[in-house]
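Asker: sequence and predicted structure, then a few things I'm wondering about:
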Protein chains: 4
Amino acid sequence: MKKRIGFMGLGTMGRPMAENILRNGYPLTVYNRTREKCAMLRELGAFVAATPRELAERSDVVVTMVPGPEAVLALLTGEDGCARGMGPHSVFVNMGTMAPAYAREIAASLRPLGVACVDAPVSGSRRPAEEGRLVVLAGGPAEVVDALRPLFLTMGRKVIHCGAQGQGAMAKMVVNLLLGVMMEGVGEMLNFGRRGGLDDATLFDVLDSGPLACDLFAAKQDMLRTGAYPAQFALRNMDRDMRAILDTAAAAGAATPAANAVSQLYRAACARGRSDMDVAAVMGVLEALSGDGTR
Amino acid sequence: MKKRIGFMGLGTMGRPMAENILRNGYPLTVYNRTREKCAMLRELGAFVAATPRELAERSDVVVTMVPGPEAVLALLTGEDGCARGMGPHSVFVNMGTMAPAYAREIAASLRPLGVACVDAPVSGSRRPAEEGRLVVLAGGPAEVVDALRPLFLTMGRKVIHCGAQGQGAMAKMVVNLLLGVMMEGVGEMLNFGRRGGLDDATLFDVLDSGPLACDLFAAKQDMLRTGAYPAQFALRNMDRDMRAILDTAAAAGAATPAANAVSQLYRAACARGRSDMDVAAVMGVLEALSGDGTR
Amino acid sequence: MKKRIGFMGLGTMGRPMAENILRNGYPLTVYNRTREKCAMLRELGAFVAATPRELAERSDVVVTMVPGPEAVLALLTGEDGCARGMGPHSVFVNMGTMAPAYAREIAASLRPLGVACVDAPVSGSRRPAEEGRLVVLAGGPAEVVDALRPLFLTMGRKVIHCGAQGQGAMAKMVVNLLLGVMMEGVGEMLNFGRRGGLDDATLFDVLDSGPLACDLFAAKQDMLRTGAYPAQFALRNMDRDMRAILDTAAAAGAATPAANAVSQLYRAACARGRSDMDVAAVMGVLEALSGDGTR
Amino acid sequence: MKKRIGFMGLGTMGRPMAENILRNGYPLTVYNRTREKCAMLRELGAFVAATPRELAERSDVVVTMVPGPEAVLALLTGEDGCARGMGPHSVFVNMGTMAPAYAREIAASLRPLGVACVDAPVSGSRRPAEEGRLVVLAGGPAEVVDALRPLFLTMGRKVIHCGAQGQGAMAKMVVNLLLGVMMEGVGEMLNFGRRGGLDDATLFDVLDSGPLACDLFAAKQDMLRTGAYPAQFALRNMDRDMRAILDTAAAAGAATPAANAVSQLYRAACARGRSDMDVAAVMGVLEALSGDGTR
């Protein structure tokens, strides 16, 4: 019999992920701070819990997909928190992006309750979430991760077991570091090319035809051509992730000169009121920083 | 009848490019400062010229594939320079990486002789050169570039006409800027991941499975795993290119914070005696800059 | 009658500070984890407490001068911690460098005990500490800071009241950010100048004669000329401070491109086994990153 | 008898320098592309030449104080250029900021005419120029520099002989590198401090009281407090100098991570239409890059 799943956090990523769980036949309970976001899932057959605690009481596996440690803590703790509804039968799966140290802290805090913990952030943004093609980066005991594999494969096309608790979170940090560098880097390239007199058709042809072509650049191409940046991965989240990445890298003593440099641009993009736009909107900062080349 | 080609600069890239021209049935004259490098091409049927001038006199199209403006100038000028052997019938094609301003200078200097000029650097390194799968980024008059297309397609799988003289060089600058950022970025990612406790199998699985996967990272994976860096694209060339890129970007007023940061790492890699290794050896600088995370 | 002072943390800075308190006639109790460091102060007339708690019980004002939050916490908490020995009569003064958020946390945690808190880090390193010429950057209630002024002036030549609790810590963050940038900057200048053929006599004459001359550069000149770097302000402390600075700046949304860049160099200096040398030893990283200019 | 001086370039710096030469009793001929700027000097007794050539013919020492190599070249060359008016009796002194390589090129180009060349850029901006308190950084043959010392001391308070031709220019490069880093660094400090809740009175008191205090920060304090930036050293000149500095550093293989980072900010300041403001206006870029800290 299929496990009962509780899913909290029905945002840009969470909603399509929850839908895919439901479509694959799992009994699903959902919870979201803003209740309206539950409506569509209720229509599809999910039970809407009144509190995280109620959700946990009705579930074998409790999944959170919310941004940042404070949001996770708000769901976990307190009288109505899901911790009160979990026990030795429960598995807690945090699929949001978080620092490895934080993932290990949560696991430690739930250990006395006998709850098994897995950190399982995902690689991929909105469209892959909708199409069930995410890659799940899982950290936790091998047998627990193995047992979750069928569940994860409703949301993603691949599960990578990265190591013990915190190592899924760590894998997500390194992916987002490189993503942050590449996204800003392609912005530098395009902005430089345009100022150097190359047109967009040429620039993207050059990019697509060479060894640097990748799904990220393909996914952002329309945004970069048109200058409209509807969020697939919002700048405010990149800015928050970059802080966690640089802090974790500092603790690990890892040199990150490029990530340090680009983090300033993401911060600046948020400062310019672009927090809710896609990360590709970092392009606007590069444009603003650039002169007219006639000095 | 096929045009007579003169090819100068038989290095890592130039030799396989010249071979592909020959294999496709073009009459070929070659010249190289170090004569020994001509031996294999002579065996394959090329004529070996004693001087650039002799080469030019025997050719309709004169191609150079040498690093940096000084090397081009040494072939062009002087009593034995190829300029003396060219005339209104000649086309001069510079396939090395150079600043757009420099490409335009050469074109201007050959205009009085009636020589048509095309800058046509290539995207791709040694293996694509061997397999005739380079991408040729051409700048110059459309009709001249069109006439050269069959020749270019012996060396590459695609020709992109980027605009007037200098725009092929410009396109190469922007590609190499992004390449420089991405190569260093993937080094930051891997070094950070390793220090964070992830093993290489996991790291490359994560990289290969996500939206950042690209031919560049695939081509460098063995080097990055083993720590041996035989040159496909030598660090000394990246260091020289980065100087030209940043100088051109400064003249264009284009913001390049990440390129600025990574250029320091390529310089440092050369300073550490790694000039002749592949660009991927920038990884060694990141490792040297990183602590043990236990401070 | 003079207040009874308890002083914990007799390191490079703490010992001369404590001596100056004693010399000015204050009854002094000292505590240090490593007992031997108390010997000289005992000879000068200080009482050596067995535990932080005992120290607090014998003191009106409890001063800590230890690096980092963990070290402060170790003195504050537990059965033998100084918190147990303080009450409404006590003032707690943290003179180490710390993040403002952390200074406010400590103040909040001691409020229930009725203990008044002041964060009072100092500007200046070993020599000014010995000569009683530090500048005290104090955060806390005005009347408490005013009452402490005579005590502070035994250690320093000036007290600046920076605002409420945490603002002394904040002022120290901003000073150390600029110090970190300037120290690395003067290293870049000298290394560049030497590679450009200028001798040290000329370089320091130029530096001393112009508008950039300052006490910091004067204090480090011998180190930079000789390449020997006995610690006045150890690299490991700068590396730790930089992490706190960048984290605080990120939380405040403040752009810090230069601090971000130089933080990597301080990290690298520690990675190269220079943690116990003076911050001026960042010069060695710049030298290692530099080529020979003949490439 | 005093030497006859010819002075070209009567801008922000050049005019007060020329006035000081005149006040000290030297026969002075001046030339400026924009004739009106010569009016005041004519009133003070200078002869106004119609062309650089005429100026050179009337002078023993020809001084230029113009920004950038193109401007120098425009004065030197052509039918009316000062080169035509100089000979073995002449000394050519370039007091503008320029790359050392360029200073050596000029010297080489004038050698056939028997003209002695000295590069002698100055440390200090408008006010020191007015007060004759500049520091002259001279490169050239010792005996020529020595002979010029009385002349230089009408404009400055000190002459530093930095070495052969080009080394005065080199010394100016290293000063401006550090100046660029420190100016941006103090901007980071102040912006960070303000966002962290410190008021300006406190911030400048902290800065003035510590080991980082220097004439540069004192000179810019009013600008930084008020946000009005009348040019003493214009951003457009810093932007141009930074390009020459980074290019020279790259050629010397010198690591310049902080200079690289801050150069982007000066470029951005120009891009934001601030080219004619003082370098201190880089502060505006830092403010624009900073968020509100409430994200």
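Answerer: Great, that's in hand.

Asker: okay, CA-based contacts and neighbour counts for the rest of this
Answerer: Fine.

Asker: kindly export the top strand by length along chain A (C-alpha atoms) in CSV.
Answerer: Taking DSSP state E as the criterion, chain A has its longest strand at strand A:156-163. Provided in CSV are the C-alpha atoms of strand A:156-163 (Å, rounded to 0.1, in the frame of the first residue of the first chain):
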residue,chain,number,x,y,z
GLY,A,156,11.7,14.0,-10.5
ARG,A,157,13.4,11.9,-13.2
LYS,A,158,16.4,11.0,-11.0
VAL,A,159,17.4,10.6,-7.4
ILE,A,160,21.0,11.1,-6.4
HIS,A,161,21.9,9.8,-2.9
CYS,A,162,24.6,12.3,-1.9
GLY,A,163,25.5,11.0,1.5
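
Asker: so the helix or strand just after it, near chain B or not?
Answerer: If you walk from strand A:156-163 toward the C-terminus, the next helix or strand you reach (DSSP states H and E) is helix A:167-195. Yes: counting by CA under 8 Å from any CA of the partner chain, chain B has neighbours in helix A:167-195: A:167, A:170-171, A:174-175, A:177-179, A:181-182, A:184-186, A:188-193, A:195.

Asker: list only those of the residues you listed flagged as buried.
Answerer: A:167, A:170-171, A:174-175, A:177-179, A:181-182, A:184-186, A:188-193, A:195 (16 or more other CA atoms under 10 Å in any protein chain shown).

Asker: tell me if I'm right that residue A:268 and residue D:286 touch.
Answerer: No: with contacts counted by CA atoms under 8 Å, residue A:268 stays clear of residue D:286, the gap being 9.2 Å.

Asker: residues from chain A in reach of chain D?
Answerer: Counting by CA under 8 Å from any CA, chain A sits next to chain D at A:236, A:264-265, A:267-272, A:288-292, A:295.

Asker: would you show me how to pick out the buried ones of the residues you listed in PyMOL?
Answerer: Selection command for PyMOL covering only the buried members of the residues of chain A next to chain D, criterion 16+ other CA under 10 Å:
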select buried, chain A and resi 236+264+265+267+268+269+270+271+272+288+289+290+291
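
Asker: overlap of the contact sets of residue A:268 and residue D:286?
Answerer: Both residue A:268 and residue D:286 are in contact with residue C:255, where contact means CA atoms under 8 Å, 6 or more residues apart in numbering or on different chains.

Asker: point out where chain A drops to low pLDDT.
Answerer: Residues of chain A meeting the criterion pLDDT under 70: A:291-295.

Asker: can you report how many residues lie near residue A:118?
Answerer: Counted by other CA atoms under 10 Å in any protein chain shown, the residues lying close to residue A:118 total 31.

Asker: residues in contact with the host helix or strand of it?
Answerer: Using DSSP H and E, the element containing residue A:118 is strand A:116-119. For strand A:116-119, contacts defined as CA under 8 Å, 6+ apart pick out A:88, A:90-95, A:103, A:106-107, A:110, A:137-141, A:144-145, A:165-169.

Asker: ok, and what's touching the following helix or strand past that strand?
Answerer: Scanning forward in sequence from strand A:116-119 by DSSP H and E, the next helix or strand is strand A:122-123. With CA under 8 Å, 6+ apart as the test, strand A:122-123 has contacts from A:95, A:96, A:97, A:134, A:135, A:136, A:137, A:172, A:175, B:210, B:211.

Asker: list the helices and strands whichever helix or strand comes after strand A:122-123 packs on?
Answerer: Next helix or strand after strand A:122-123 toward the C-terminus (DSSP H and E): helix A:126-130. Applying 3 or more CA pairs under 8 Å, 6 or more residues apart in numbering or on different chains; DSSP states H and E, we find helix A:126-130 packed against helix A:14-23.

Asker: next, the buried residues of stretch A:80-97.
Answerer: Buried residues in stretch A:80-97 (16+ other CA under 10 Å): A:80-87, A:90-97.

Asker: counting neighbours, what do you get for the residue in the stretch 151-295 of chain A that chain C sits nearest to?
Answerer: Nearest residue of the stretch 151-295 of chain A to chain C: residue A:260, at 5.9 Å (CA to the nearest CA). Neighbourhood size, residue A:260 [other CA under 10 Å]: 26.

Asker: return the residues of chain A in contact with chain C.
Answerer: Counting by CA under 8 Å from any CA, chain A sits next to chain C at A:243, A:247, A:250, A:253, A:255-257, A:260-261, A:264, A:267-268, A:271.
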